[in-house]
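1. sequence unknown, structure follows:
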């Protein structure tokens, strides 16, 4: 990546996303939303959208703006669109959450807040999809990891479409006998497209490249990668297209979801096998902290797959779906993102600060910008708290769940401090910290 243009606002996306994550965790700790309230209630929807849009979607957009050009060896189509997209996503989510709070009776407000917020979010995601989509289009035929991203972008379009429809129903704008049925039956499709397609499928593609890059491993097995992609696309197509057809014909979603689940398990199995192959063939024998924690997150994904299969087999899926969603959102996705941010933030900071003077003056290594031993305890607390919180949900222990999430929140704060220290070059030894020609990076914006 030496010489690669840095996305000016990627760090800003990361910072905004972490703020949303901390706010969501704080709300959970004080008992706001599930499990203290109904899983489909307005309060729970506030927390769910803080995590899924404010945290995971925002941080993923920032990462994609930086790494999609690396995946396809093409410049980002429109750098100037990245800041307006961030503004639309942030404003749209804020208005949407206000609409949910009105719906929950926390304050009085106009009914159009929900569709307005959804409209702003759709506009923000449209900019993201157009920008990344045109970048991918310029690089046809796409390499393996980029195809995962393309599938994820298609899924966010489906997610946003259903979200917009739901906002019209919840606000009372859309009236008619068919709309309540759409709200109930369409939620699984909305969740599959968002959590399974946009977030998980895209994360799989990005992690392929990042794990190989950071472990100094050759490209993965092309057959396994193709199988993971094809099975994943099949799962999403069956789950989404089959779900829409079943919804249209009012025949129920069970068969479509069952077939989609089987294909998804095949995709995850091929992906996991390929990642293990990367681990075995790596040239960097001593794993860095970010790589080790990424593998722990992958273990959480495997645990989530087994938990989901067990709940389906025992008929307890509907009563414990909250535990499964939490494990996917925190143990897998949030764990993977935090682990990679621990490398991405110092890596981008190193490129920005020392790339221009590389070869002319002595410079530190990327790992000199972090203190892994100090950060390890925060990752241990994070994963231990996430797994404990999942168990507390399975045992319907609401107080224990809140205590476990408090541990997760503490770990998130600790890791946030580590990211700030990396941007401030706080752990770089003084003789190498700012050599001649190097400039201190800005905290929230990159020089590109």
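-> Here it is on my side, so go on. Here the structure is a predicted model, which means the values were calculated and not measured.
2. Return the set of buried residues in stretch 356-375.
-> Across stretch 356-375, burial judged by 16 or more other CB atoms under 10 Å covers 357, 363, 364, 366, 367, 368, 369, 370, 375. In short, each C-beta sits where N, CA and C put it, glycine included.
3. Am I right that the fifth one sits in a helix?
-> Yes. In this structure, residue 367 lies within a helix as judged by DSSP: H, G, I helix; E, B strand; the rest coil.
4. per-residue confidence at it?
-> Per-residue pLDDT puts residue 367 at 91.
5. And the second one, by the same measure?
-> In this prediction, residue 363 carries a pLDDT score of 90.
6. which residues touch the residue lying closest to it once chain neighbours are set aside?
-> Once flanking residues are discounted, residue 363 sits nearest to residue 354: 4.2 Å by CB to CB, 6 or more residues apart in numbering. Residue 354 makes contacts with 363, 364, 435, 438, as judged by CB atoms under 8 Å, 6 or more residues apart in numbering.
7. among those residues, which are in strands?
-> Judged by DSSP state E, strands contain none of these.
8. Which two among those are spaced furthest apart?
-> For the contacts of residue 354, with distances taken as CB to CB, the pair at the greatest spread is 364 and 438 (10.2 Å).
9. Which stretches in the stretch 1-150 of the chain count as helices?
-> Applying DSSP state H, counting those that start in this stretch to the stretch 1-150 of the chain gives helices spanning 10-29, 42-49, 58-72, 82-103, 113-137, 144-170.
10. which one of the ones you listed lies closest to residue 343?
-> Among the helices of the stretch 1-150 of the chain, helix 58-72 comes nearest to residue 343, with 11.4 Å by CB to CB.
11. For the closest one, the averaged confidence score.
-> For helix 58-72, mean pLDDT rounds to 93.
12. Begin at 28 from now on, thanks
-> Right, with 28 as the first residue, what we last looked at is helix 85-99.
13. what angle do that helix and helix 109-130 make?
-> On the basis of axes from the mean of the first three to the mean of the last three CA atoms, to 10 degrees, helix 85-99 is oriented at 150 degrees to helix 109-130.
14. And helix 85-99, what does it pack against?
-> If you count contacts as 3 or more CB pairs under 8 Å, 6 or more residues apart in numbering; DSSP states H and E, helix 85-99 packs onto helix 37-56, helix 109-130, helix 140-164, helix 171-197, helix 229-242, helix 362-381.
15. Residue 270 is nearest to which of these?
-> When the helices and strands packed on helix 85-99 are compared (using CB to CB), the closest one is helix 171-197, at 9.8 Å.
16. shaky segments in the stretch 78-227 of the chain?
-> Within the stretch 78-227 of the chain, the stretches falling below the threshold (pLDDT under 70) are 201-211.
17. 80 instead, please
-> By pLDDT under 80, the low-scoring segments of the stretch 78-227 of the chain are 200-213.
18. now the stretch 228-377 of the chain
-> Applying pLDDT under 80 to the stretch 228-377 of the chain flags residues 241, 243-249, 269-284, 306, 311-312.
19. try it again with 70
-> 247, 273-280.
20. Let me see the ranges of the strands in the stretch 278-427 of the chain.
-> Shown for the stretch 278-427 of the chain, no strands are assigned by DSSP state E, counting those that start in this stretch.
21. follow-up on the earlier one: closest to residue 439 out of the helices and strands packed on helix 85-99?
-> helix 37-56 (6.0 Å).
22. Could you figure out how far that closest one is turned away from helix 362-381?
-> Going by the same axes, to 10 degrees, helix 37-56 is angled at 150 degrees with respect to helix 362-381.
23. re earlier: make CSV out of the buried residues of stretch 383-402 and add distance to residue 137.
-> Output for these, formatted as CSV (distance: CB to CB, whole Å):
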residue, distance to residue 137
384, 55
390, 55
391, 54
393, 50
394, 52
395, 53
396, 48
397, 47
402, 45
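24. now, among those, which is nearest to residue 99?
-> Of all the buried residues of stretch 383-402, residue 99 sits closest to residue 393, with 23.3 Å by CB to CB.
25. tell me the contacts of that closest one?
-> Going by CB under 8 Å, 6+ apart, residue 393 touches 370, 373, 374, 377.
26. looking at the helices and strands packed on helix 85-99, which is closest to residue 426?
-> helix 37-56 (10.9 Å).
27. chain center to the closest one, what's the gap?
-> Relative to the centre of its chain, helix 37-56 is centred 12 Å away, using CA atoms, centre = their mean, to the nearest Å.
28. report the angle between the axes of that helix and helix 69-76?
-> With the same axes, to 10 degrees applied, the angle from helix 37-56 to helix 69-76 works out at 150 degrees.
29. and helix 37-56, what does it pack onto?
-> helix 69-76, helix 85-99, helix 109-130, helix 362-381, helix 425-450.
30. if I pick the residue nearest the centre of the chain, what's in contact with it?
-> Geometric centre of the chain, nearest residue: residue 83, 3.4 Å, by CA atoms, centre = their mean. By CB under 8 Å, 6+ apart, the residues touching residue 83 are 44, 226, 356, 360, 361, 364.
31. Surely the fifth one touches residue 48?
-> Yes. Taking contact to mean CB atoms under 8 Å, the distance of 7.2 Å between residue 361 and residue 48 places them in contact.
32. okay, and the common contacts of the two?
-> Shared contacts of residue 361 and residue 48 (CB under 8 Å, 6+ apart): 78, 82.
33. before we move on, back to that, for the residue nearest to residue 390, report the pLDDT, please.
-> 91.
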